[in-house]
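Student: Using only what follows, build the 3D model:
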Amino acid sequence: MKYMLLMYASESAVPALSPQELGQLQQDWFTFMQEAREAGVLIANNGLAPVSKATTVRVRAGKTLTTDGPFAETHEQLAGFSMLECQDLDEAIGWASRIPMSRYGSVEIRPLWDQV
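Tutor: Predicted coordinates for the structure are as follows:
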């Protein structure tokens with residue numbers, strides 16, 4: 001079953017990391033990616049640019065309206081994603097708990113529409 005793991009964090013509350021902590025965080029990400037690839041569950045992974053780079057599109061009364069920034073003001077912003085193929089939700093939860101961002105943000109797990 002394919003799952004989208006959506007990673008959220010507050011852009012204004014990114015933890016202040018020492019060079020050593022930053023190095024460890026980068027190593028943790030590298031380890032997660034390598035292990036997910038080797039396990040054959042990783043389909044795709046990427047981070048997103050800050051919300052200041054976002055554009056929101058709405059169509060109302062046949063007119064396309066664009067707005068700079070995100071659609072909604074929230075405490076946490078969508079920061080990236082991983083798409084995994086797992087046997088079940090329990091396996092997806094196991095992988096989500098290994099994503100470094102889960103330590104200071106959150107990871108939402110959602111099955112792909114055609115999988116439900």
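Student: Spatially nearest residue to Ala96, not counting backbone neighbours?
Tutor: Distances taken as Cβ to Cβ, 6 or more residues apart in numbering place Val107 nearest to Ala96, at 4.3 Å, with adjacent residues excluded. Quick note: C-beta positions are derived from backbone N, CA and C, even for glycine.
Student: contacting residues around that neighbour?
Tutor: For Val107, the contact set (Cβ atoms under 8 Å, 6 or more residues apart in numbering) comprises Leu5, Leu6, Met7, Tyr8, Ala96, Ser97, Ile99, Met101.
Student: can I assume the last one is in contact with Gly80?
Tutor: Yes - assessed by Cβ atoms under 8 Å, Met101 is found in contact with Gly80 at 7.4 Å.
Student: any residues in contact with both of the two?
Tutor: Counting by Cβ under 8 Å, 6+ apart, the residues touching both Met101 and Gly80 are Met7.
Student: more crowded one of the two?
Tutor: Comparing Met101 with Gly80 by other Cβ atoms under 10 Å, the one with more neighbours is Met101, at 21 against 17.
Student: what's the burial count for Ala92?
Tutor: Ala92, neighbours per other Cβ under 10 Å, totals 24.
Student: repeat for Leu6
Tutor: Number of residues near Leu6 (other Cβ under 10 Å) recorded here: 18.
Student: which SS state does the nearest residue to it once chain neighbours are set aside fall under?
Tutor: Excluding its sequence neighbours, the residue lying closest to Leu6 (Cβ to Cβ, 6+ apart) is Glu108, at 4.4 Å. Of the three states, Glu108 takes strand under DSSP: H, G, I helix; E, B strand; the rest coil.
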